[in-house]
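K.L.:
the following comprises the amino acid sequence and a computationally predicted model.
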Amino acid sequence: MKRLASLALAGAAALAAAWAVPNAAQTTKGTPVSLRDTFPVGRNGLCEAQIIEPEPGADIFDRRYSIICRDAAAPIGTMWVVRGRYAEAPESRFGLPGATCRAAGDAAAPKGLASARELVCEASDSPLRSRLIVGEIGNRTYAATGFNAYASALRLGLASLATDRVAKGEVDIPLTQATDALAFARQQADAISADQALVEAYRRSNQGEFAEAAEFFAASAEVLSGKSALDARLNEALLQSNLGNYAEADRLFGQTREEAATDPVLSRLLRNYETIHALNQDRADAALKRVDRPLANEFGDPAMLRRLMIGPALANRLEAENESAGGTYSVSLTPLERAQLLDGQADYLRATALRLVGRADEASRYLRAADSAMAEVRGGRVNSILWLRAQVLGELAEIAEIEGRPGEAENFHRQGIALLDTRYPDSPALQSARAQLAGFYARAGRRDEALALYRGIVADAEGRPLPALRSLITPFFDLLLGGEVNALGDAASAADIFAASQLLQRPGLAQTQAVLARELSVGSDEAAQLFRKTINLGRAIEQLRSGIAEMQTMAEMPPETARLLAERQERLQQLEAEQAEVLASLAEYPRYRAVSGSAIDLAQLQDILAPGEAYVKLVTLQEQSFVIYVTKDEALAYKAAITPDALEEEVDRLRESIAIAEGGRVLTFPFDIERSRELYLALFEPVADRLPAQRHIVFEPDGAMLRLPINLLVTDDESVARYKARLAESGDEYDFTGTNWLGRGAEISTSVAATAFRDVRVAAPSDAARSYLGLGENTPIGESQSGAARTRAALAGGENCAWSPNIWANPIAADELYTAADRFGSGAAVVTRDEFTDSKIRAREDLTDYRILHFATHGLVTAPQPECPPRPALLTSFGGEEDSDGLLSFAEIFGLRIDADLVILSACDTAGGATVGATREAGVTSGGDFALDGLVRAFVGAGGRTVLASHWPVPDDYDATKRLISGLFAADGTETAEALRTSQVGLMDSAETSHPFYWSAFAVVGDGTIPVRR
């Protein structure tokens, strides 16, 4: 199901009566910069220019822009296009009064401004040098000023203004890579006004950048009030649905449903968005019911609609309607027109649902109705939602294809692409439209044309994520592999599939690993300190912004709160200025300036693999699963014999046969060995014999397999037969000795992205002088309940989302910590009881002195109550400080400073995810929704290269976990994954611990070839 963008209330476009294709010049050149509210600065996606209001007293035709770049919380510069000639004395006109300026020695005139001057300026009240670039064309002056370290961005931005086209070239700026596209969007949204953020949100939604648009809508909703806030929340809800976050979408729709029903425009918006929400979930019948449900109040009186007032927020939002970006706001699109356009979109959605339920003949009628309704508004010439015209064209193409009119179908597809190419060049919406045409070619048997178009889409993306392709890329993979299940594709096909699959990467742990690798690629100690300081400042700024946004939502603010808000806003400005200074200093180190795209090709992956290693990547799309198998000398791909939905079911059933939490207890059941064998074949049958022969398997999971280690998959039928025969003889359902598990013979590492694996593998090792630090065995509080906890699971919850004191009553004994420490002698230390508090751990300045950090304690990864948001944490003792809560939270872990080759989390479910809320509390603006984005990501963010984490509650009976973890340290020089495998085999071969519950939970996340002991 293709994702459907939000219908911009700011300017709902009409479908033109004639579906004319723009001329070639329009299509190839795109929209001039002078007609855009925002445009990219450079080709590497690191900076953008955003229009802002001109200064008071400016000419009506003057324009002013902010330049916003990744990692810099505040704008790094400003650009102007003004009437008049100011190039001879530009300092006072362009914001640098009193500065001392001299000619720049590294100047190269921006394209289009051959006579431009470049100055480097210093002011007595600032340690930062500024760059001022100014030139004239006729009676207009073009100027840019900003931090000197960002001179390339200023130069490229000014070239775009001077030529009225986005200038080619790459910016060269200080960069940590701490922000991905999603975090960068949040950065931009916070840097502009709420009304401007709402305009930008609609624009990004219209061009298919759903994740980024959601950030802009969320930023607007936090600040705006009344109907404008409802508008933003409704759009945020839809975009979460478009991203597949259906539960979050349901929550946001629930927040707005009652109030939206009282407004004639918002009620229509709610109807349409909930219809799209149902379509996104492939519930076409439910979508039909929703779009056909009468509004609570039909609001059918045009006179009443005409009387609706447009407030300032809406007036500002209607800037998206304008033909130019001159800062003049339009208030001309009336609520009546907007309601009519929304009704037209409802007909389009009705047609989509009818086609999906097999009633294409009825769908055509509603598309014509949509066309008519929208064409009546301004003669169909509303400029800002050409995307909806493109969507309707795509729907017409689908119907034409169903009805056997391929020529018309292709024509409709091409017209939609041309519309998007005119207004939204290089956008996800355009690439999605191209992918739909490629899919049409594939179904029509036009293989070469389809492959060429798909490959063009992947090449044009240049490694940037395109999550919308997840629902559109399957025909590409089918063409490359012949469409047959388990049919092996050659190395060329594998390379194509590998390249396309990287565009589907989600933000989260992989991004954090990239940041750590960048930090460890250190040129000097001073550079490393600057880098880390930049990261910490960025997180502190995001945390402060979140607190400010929360305070600003208060309906009535007491004086004390208002004072605190003012203090926080002043502190935010100070942090932003400090960050700018640190980034300017970091720019002096070439290693930390801008980098190219983070994608890796198949040949590069093979180069970093050693003999005996295999990289296995699973890709789950909407209806099919694919596997890429890569060794140093071989690469192949195939379609797996299991769908993502079936995989979800199989993983759930297997997890349930390992352990489930019920009534505050962890229960185990006989492991479903037959299901494990079937899943191994469903995923890996074409390479079933190759995998066990590998010494080291690096597995990159997707979908449900993020929640299940592959070490427990059974590699032969004989193991199943032996288990059944023994069961018939002895009746012991829990004896799995002799089973050929995949993890019996192969070391296994878990990767979240090929780029992340590359980054971890090439990262510099720890410089720590000491070997080992063990932490655990909290001091109990209160009275223990009868019966010690059998596992390290803190399952009891308290009221009001607070944990019950009982979870501190059963500390994990520190035996495994002392056993491990004995292996390291004087280079080891163990911290327990009253020294093991959250406050004392946060205060330690020697954590960087240890190469291995080992936590043996309870892990809190679920929520205390079902209605509470989970906040991943490790349980500690309580300290005497006021800020001690007996928990080391995700945010607190992320803020630690460690230098560890290995972090061992001997606790429950530590491989799980974190909520968006917990992630934001840490000042991290992306990820958190998937497994491994929780405590694992927090420790990587703190400085851990490889993390050993668990997928379920780990057991204490039979000393299983103590034996497993202690075995890691048995021999010097053993690779981490091999040490874990050897330790696991010992448990596999003992009848009492042969059930996967006892040995299979732990996964090595990172590079398992790192030795445990050097």
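P.N.:
Ah, there it is.
K.L.:
give the residue farthest from the middle of this protein.
P.N.:
Residue farthest from the centre of the chain, counting by C-alpha atoms, centre = their mean, is residue 729 at 51.8 Å.
K.L.:
host element of that residue?
P.N.:
Using DSSP states H and E, residue 729 sits in helix 717-730.
K.L.:
helices or strands up against that helix?
P.N.:
With contacts taken as 3 or more C-beta pairs under 8 Å, 6 or more residues apart in numbering; DSSP states H and E, helix 717-730 sits against helix 673-684. (C-beta placed from N, C-alpha, C; glycine too.)
K.L.:
before we move on, the earlier item: in the helix holding residue 729, what's buried?
P.N.:
The neighbour-count check on helix 717-730 (16 or more other C-beta atoms under 10 Å) flags 719, 720, 722, 723, 726 as buried.
K.L.:
residues touching the first one, list them.
P.N.:
Read it as residue 719. Contact partners of residue 719, counting by C-beta atoms under 8 Å, 6 or more residues apart in numbering, are 673, 677, 738, 739, 740, 741.
K.L.:
next one: the fourth one
P.N.:
With contacts defined as C-beta under 8 Å, 6+ apart, the neighbours of residue 723 are 673, 735, 736, 739.
K.L.:
likewise for the last one?
P.N.:
The contact partners of residue 726, taken as C-beta under 8 Å, 6+ apart, are 732, 735.
K.L.:
between the buried residues of helix 717-730, which is nearest residue 482?
P.N.:
Closest to residue 482 out of those is residue 720 (31.1 Å), distances taken as C-beta to C-beta.
K.L.:
gap between that closest one and residue 582?
P.N.:
Counting by C-beta to C-beta, to the nearest Å, the gap from residue 720 to residue 582 is 59 Å.
K.L.:
I'd say residue 814 and residue 855 touch.
P.N.:
No. Taking contacts as C-beta atoms under 8 Å, residue 814 lies outside contact range of residue 855: 11.0 Å.
K.L.:
between the two, which one's more packed in?
P.N.:
residue 855 (27 against 21; other C-beta atoms under 10 Å).
K.L.:
ok but that one is inside a strand, no?
P.N.:
Yes. According to DSSP: H, G, I helix; E, B strand; the rest coil, residue 855 belongs to a strand.
K.L.:
who's in contact with it?
P.N.:
Here residue 855 is in contact with 775, 776, 874, 903, 904, 905, 906, 907 (C-beta under 8 Å, 6+ apart).
K.L.:
likewise for residue 550?
P.N.:
Residue 550 neighbours (C-beta under 8 Å, 6+ apart): residue 222.
K.L.:
so what's the gap between the strand or helix carrying it and the chain middle?
P.N.:
Assessed by DSSP H and E, residue 550 sits inside helix 525-552. Per C-alpha atoms, centre = their mean, to the nearest Å, the displacement of helix 525-552 from the mean C-alpha position of its chain is 19 Å.
K.L.:
for that helix, buried residues please.
P.N.:
527-528, 530-548.
K.L.:
what's the helix or strand for residue 369?
P.N.:
Using DSSP H and E, residue 369 sits within helix 360-375.
K.L.:
helices or strands next to the next helix or strand after that helix in the packing?
P.N.:
Next helix or strand after helix 360-375 toward the C-terminus (DSSP H and E): helix 386-402. Counting contacts by 3+ C-beta pairs under 8 Å, 6+ apart, helix 386-402 packs against helix 335-356, helix 360-375, helix 406-423, helix 428-443.
K.L.:
out of those, name the one with the poorest average pLDDT.
P.N.:
Mean pLDDT per stretch puts helix 360-375 lowest among the helices and strands packed on helix 386-402, at a mean of 79.
K.L.:
secondary structure class for residue 619?
P.N.:
strand.
K.L.:
then residue 766?
P.N.:
From three-state DSSP, the assignment for residue 766 is coil.
K.L.:
now the residue farthest from the centre of the chain: how far from residue 735?
P.N.:
10 Å.
K.L.:
what residues does stretch 450-465 touch?
P.N.:
45, 180-181, 426, 431, 434-435, 437-439, 441-442, 466, 469, 473, 475-476, 479-480, 496, 499-500, 502-507, 597-599.
K.L.:
buried ones in that stretch?
P.N.:
Applying 16+ other C-beta under 10 Å to stretch 450-465 flags 450, 451, 453, 454, 457, 458, 461, 463, 464, 465 as buried.
K.L.:
so what's the residue nearest to the first one when sequence neighbours are not counted up against?
P.N.:
Closest residue to residue 450 apart from its sequence neighbours, by C-beta to C-beta, 6 or more residues apart in numbering: residue 441 at 3.7 Å. Residues in contact with residue 441, defined by C-beta under 8 Å, 6+ apart, are 447, 449, 450, 453.
K.L.:
do residue 547 as well
P.N.:
Residues in contact with residue 547, defined by C-beta under 8 Å, 6+ apart, are residue 568.
K.L.:
repeat that for residue 214.
P.N.:
236, 239, 240, 243.
K.L.:
please redo it, this time with the cut-off set to 7 Å
P.N.:
Taking C-beta atoms under 7 Å, 6 or more residues apart in numbering as the contact definition, residue 214 lies against 236, 239, 240.
K.L.:
got the phi and psi for it?
P.N.:
phi -60, psi -40 (degrees, to the nearest 10).
K.L.:
from residue 198, how far out is it?
P.N.:
Counting by C-beta to C-beta - residue 214 and residue 198 are separated by 13 Å.
K.L.:
hmm, back to that, after the helix holding residue 550, which helix or strand is next?
P.N.:
Beyond helix 525-552 toward the C-terminal end (DSSP H and E), the next one is helix 559-586.
K.L.:
please name the nearest non-neighbouring residue to residue 618.
P.N.:
residue 702 (4.6 Å).
K.L.:
the one you found contacts residue 616, correct?
P.N.:
No. Using C-beta atoms under 7 Å, residue 702 makes no contact with residue 616, being 11.1 Å away.
K.L.:
between the helices and strands packed on helix 386-402, which one is closest to residue 659.
P.N.:
Shortest separation from residue 659 across the helices and strands packed on helix 386-402 is recorded for helix 335-356, at 39.7 Å, computed as C-beta to C-beta.
K.L.:
list phi and psi for residue 485.
P.N.:
Backbone phi and psi, for residue 485 under degrees, to the nearest 10, turn out to be phi -70, psi 130.
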